[in-house]
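# Build the 3D model from these lines:
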Amino acid sequence: MGFKRLFFLGFLMSLLVSCNSGDNGLKKSEKTPAKKSIWRAWIELNDSTDLPFNFEWTKDSTLIVFNAEEKVISNSMELRGDSILIGFPVFANHFIFKLDTNVLNGFYIDPDRKNGRLKLSGLKNQDQRFLGDEKACCSINKKWRVRFSPNSPDEYPAIAHFVQNGNKLKGTFLTETGDYRYLEGNIFGTKIKLSTFDGAHLFLFTGELIDQEIHGQFYSGNHWNEPWLAVRNDEFQLRHS
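Okay, here's the model as predicted:
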C-alpha cells in the first residue's frame with residue numbers, strides 16, 4: 001500500500017500539534033533547566049543517518065522546536081531520577097535524557113511504534129541545522145515536479161517548493177493527500193538536506209542535483225524510506241482529490 005496511504009491520517013493529527021502546547025499529565029520541576037539557550041539536536045534514524053533539528057529552552061523551562069516558520073511548543077517537563085522527561089502535545093511521544101552543562105544524551109521514544117526508541121543527542125549554543133559551510137552550487141528556488149518511488153508500483157506525484165537564501169533552504173513537498181510539513185535545511189554544493197521534527201513526525205529529505213535533476217531519498221523515522229526524483233516544471237499540477 002505504501003507510505004502515502006498512511007500519511008493523510010498522520011497529517012490531520014499533526015495539525016493539532018503545530019504551535020500548541022500540552023502537558024500530557026506531566027509536571028514541570030523546578031530542577032529542570034531555566035536559562036534561555038539554543039540547541040542543535042539530532043535523532044539517529046539508523047547507523048549512518050541522523051535527523052537534526054533546533055530548539056530553544058526559555059527561562060520558564062519551555063522547549064520550543066523550530067521548523068522554518070513553525071514552532072512546536074512543549075512545557076511538559078519532569079525530573080525522573082537523574083534524567084529529564086519532555087512530553088509533546090497530543091501524542092505520547094517524548095524525550096528522556098541526561099543533561100550535562102552543554103551536552104544532552106538520551107532517547108526519543110514513540111511508545112506506540114515497534115522499535116520506537118531512537119538515540120537522541122544535542123549540543124548547546126549551536127543554531128546550525130545541518131553542518132557544513134560550502135556555498136550552494138546554484139539556485140533551486142523554482143517549482144519542481146517530483147516522483148516518489150519512481151518507476152515502481154508505489155510511485156506517486158508531488159510538487160516541491162523551495163525557498164533558498166545562500167546555502168540556507170526552506171520548503172515543502174505537496175502531495176495529493178497532504179504535505180510533508182515545514183522543512184528546513186541547507187544546500188551545500190549540489191547536495192540538499194531538509195528536515196522537520198514536530199514531536200510526532202520525523203521527516204528527512206536528502207538529495208543531489210545531477211544534470212538538472214534532483215535525485216533524493218526520503219526518510220520517515222526509522223520505519224520508512226523511499227527514493228524521489230525531481231525536475232524543474234512550473235506548469236505541473238496535481239490532480240484534484
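# give me the element the most centrally placed residue in the chain is part of.
In the chain, the centroid-proximal residue (Cα atoms, centre = their mean) is residue 196; its distance is 1.7 Å. According to DSSP states H and E, residue 196 maps onto strand 191-197.
# Can you tell me which helices and strands that strand packs against?
strand 49-57, strand 63-67, strand 168-175, strand 183-188, strand 202-210 (3 or more Cβ pairs under 8 Å, 6 or more residues apart in numbering; DSSP states H and E). Just so you know, the C-beta spots here come from the backbone N, C-alpha and C atoms, and that holds for glycine as well.
# Mean neighbour count, the ones you listed: which tops it?
Counting by mean count of other Cβ atoms under 10 Å, strand 183-188 has the highest mean neighbour count of the helices and strands packed on strand 191-197, with a mean of 23.
# Could you list the paired strands of that strand along with their orientation?
strand 168-175 (antiparallel), strand 191-197 (antiparallel) (DSSP bridges).
# of these, which approaches residue 44 most closely?
Nearest to residue 44 among those is strand 191-197 (12.7 Å), distances taken as Cβ to Cβ.
# where along this protein do the helices fall?
Remark: helices assigned in the chain by DSSP state H are 3-14.
# where does it have low pLDDT?
Where the chain drops to pLDDT under 70, the residues are 1-34, 240-241.
# make it 90
Residue ranges of the chain with pLDDT under 90: 1-36, 57-62, 75-77, 79-82, 89-91, 99-101, 114, 142, 181, 239-241.
# Identify the residue spatially nearest to residue 213, adjacent ones excluded.
residue 231 (5.4 Å; Cβ to Cβ, 6 or more residues apart in numbering).
# That neighbour pairs with what?
residue 145, residue 213.
# Just want to check the distance between it and residue 136.
19 Å (Cβ to Cβ, to the nearest Å).
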